[in-house]
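Engineer: One predicted model, sequence on top.
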Amino acid sequence: MVQGPMLLVILAIAIVMIVVLISRFKVHAFLALLLASFFVGIAAGMNPVEVSKTIMKGFGGTAERIGIVIIAGTIIGVFLEKTGAALTLAETVLRVVGPKRPALAMSIIGYITSIPVFCDSGFVILSALNKSLSKKTGVSMATMATALATGLYATHTLVPPTPGPIAAANNLHADLGSVIFIGLLVAIPVTIAGYLWATKFARHYEVLAESSVTYEELMEQYKHLPSAAAAFTPLLLPIILIALKSVAAFPGQPFGAGALKATLDFIGEPMVALLFGMFACIPLVPKLNEEVMSGWVGTGLKDSAAIIMITAAGGSLGALLAASKIADYLGSSLATLNLGIFLPFLIAAALKTAQGSSTVALITTSAIVYPLLGTLGLASPMGAVLATMSVGCGAMIVSHANDSYFWVVAQFSNMKVDVAYKCQTLGTLVQGLTGIAVIYVLKVALI
């Protein structure tokens, strides 16, 4: 087995390998992570048979823990999109915030929508509404697009059941209920930072909304939009159930130790809670038919398959890093630098900026960081949660030309590339830096 500084060289080569394969040669992230896993094991001098067994164990264990969770969360997102429930969420927020603050409304709408829906999909779903409001109020699309994009981005990288934060929480063995609660809190100042960037900076760029549909006409297209209660239930129910399970596990046993706690332990298990949320989508559908029960569910399965495979491949990489002793050596080497909560942030930011995908950055970084939690002073349950948040904030920095989300925001908002760099890219930088500042304060206060 290889020992000493050469282990760090192997890790550095593996990270560069992932970035180059994904960015330069357009290799799918699943294959890139899998190839990097084989490289790490063999380069570290492990028996090839043991390398294969470790990869399978890491892959299978990860898929076992979060496979159904990701599938259920993705199906919820499909139902919210197909039934118009996402527009109901938007309309509800608009009524509360008021038409005179459209950018604030879009930030809040993004914050809510991206909890179960990928930010790319969320932006596309809400693009027509965004353009209609821009045209109606006279607010530049640069402001409106940046407000929506940064609102979506905040919860996309910080709050389960979005697959990236789920995968990071799983890899770091963090309590999912606590991750949801802290993620929702951290995402608030992060969203506010994006909103302020949109209204104080992006407003200087005049971008006209190309929309042939008014807000009223857009709402009229959906004759039977779901009620606000029906639209919010699939989103809130799993979060509440998972939170109740976390509360039931408190040392004081607020729900006792009998049947009630056992029930909450069952329905608050993330897989079960997300399945409840999935079945709560049924009232959104005017008529259950083959298209809904097979087609929409099938779409969710297809959309989630790639995420599960990437996440599981990240689990394989994490298993190899542990088995090859790279993580142990890296931990002892970093102990003198006192980077603490900032190390997961820096690794995730480097990976995100280099290869573009927030999800890949979340998965890869959390796999690397988990064996280092003790060295970083984050070995406690809350430490694992804050490490997950740190990775999520790093995975925001920065959205630019190698990120599909950058192009979705630019193209659907009629922004030129240079304007998108100034509004979207710099906005995500401000968000990530705001997030890690908040997390540092939380670490000082809670650990």
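Structural biologist: Sure thing, it's come through.
Engineer: thinking Leu80 is in contact with Ala86, fair?
Structural biologist: Yes. Using Cβ atoms under 8 Å, Leu80 is in contact with Ala86, at 4.8 Å. For every residue, glycine as well, the C-beta is placed using N, CA and C.
Engineer: what residues do those two have in common as contacts?
Structural biologist: Shared contacts of Leu80 and Ala86 (Cβ atoms under 8 Å, 6 or more residues apart in numbering): Thr113, Val117, Ala231.
Engineer: Can you name the element that comes right after the least confident helix or strand in the chain by mean pLDDT?
Structural biologist: When each helix and strand of the chain is scored by mean pLDDT, DSSP states H and E, helix 215-221 comes last, with a mean of 68. The element immediately downstream of helix 215-221 (helix or strand, assigned by DSSP states H and E) is helix 228-248.
Engineer: what's the offset of the next helix or strand after that following helix from the middle of its chain?
Structural biologist: Per DSSP H and E, helix 228-248 leads on to helix 259-267 as the next helix or strand towards the C-terminus. Offset of helix 259-267 from its chain centre (Cα atoms, centre = their mean, to the nearest Å): 28 Å.
Engineer: Now do helix 259-267 and helix 228-248, the angle between them.
Structural biologist: 120 degrees (axes from the mean of the first three to the mean of the last three Cα atoms, to 10 degrees).
Engineer: in helix 259-267, what's buried?
Structural biologist: Buried positions in helix 259-267, judged by neighbour count with 16 or more other Cβ atoms under 10 Å: Lys261, Leu264, Ile267.
Engineer: do stretch 437-447 as well
Structural biologist: Buried residues in stretch 437-447, counted by 16+ other Cβ under 10 Å: Val438, Ile439, Tyr440, Leu442, Lys443.
Engineer: can you give me the mean pLDDT across it?
Structural biologist: Model confidence over stretch 437-447, given as mean pLDDT, is 95.
Engineer: Rounded mean pLDDT for stretch 406-420, please.
Structural biologist: In this model, stretch 406-420 has a mean pLDDT of 91.
Engineer: so how far does stretch 158-178 reach from one end to the other?
Structural biologist: End-to-end span of stretch 158-178 (Cα to Cα, to the nearest Å): 12 Å.
Engineer: quick check, distance from it to the centre of its chain.
Structural biologist: Computed by Cα atoms, centre = their mean, the chain-centroid distance of stretch 158-178 equals 8 Å.
Engineer: State the mean pLDDT of it.
Structural biologist: For stretch 158-178, the per-residue pLDDT averages 93.
Engineer: Please, which helix or strand holds the closest residue to Gly194 other than its chain neighbours?
Structural biologist: Sequence neighbours aside, Thr150 is the residue nearest to Gly194 in space, at 2.4 Å (criterion: Cβ to Cβ, 6 or more residues apart in numbering). Using DSSP H and E, Thr150 sits in helix 141-158.
Engineer: And the next helix or strand past that helix?
Structural biologist: For helix 141-158, the following helix or strand on the C-terminal side (DSSP H and E) is helix 163-171.
Engineer: Determine the set of other helices and strands touching that next one.
Structural biologist: The contact analysis (3 or more Cβ pairs under 8 Å, 6 or more residues apart in numbering; DSSP states H and E) places helix 163-171 against helix 48-82, helix 141-158, helix 176-200, helix 297-323, helix 358-369, helix 381-394.
Engineer: Quick one: residues in contact with it.
Structural biologist: By Cβ under 8 Å, 6+ apart, helix 163-171 touches 62, 65-66, 69-70, 73-74, 156-160, 174-176, 179, 183, 270, 304, 307, 311, 314-315, 318, 358-359, 362-363, 365-367, 370, 385, 388, 391-392, 395.
Engineer: Apply 6 Å and report the result again.
Structural biologist: The contact list for helix 163-171 (Cβ atoms under 6 Å, 6 or more residues apart in numbering) reads 65-66, 69-70, 158-160, 176, 179, 307, 311, 318, 358-359, 362-363, 366-367, 370, 388, 391-392.
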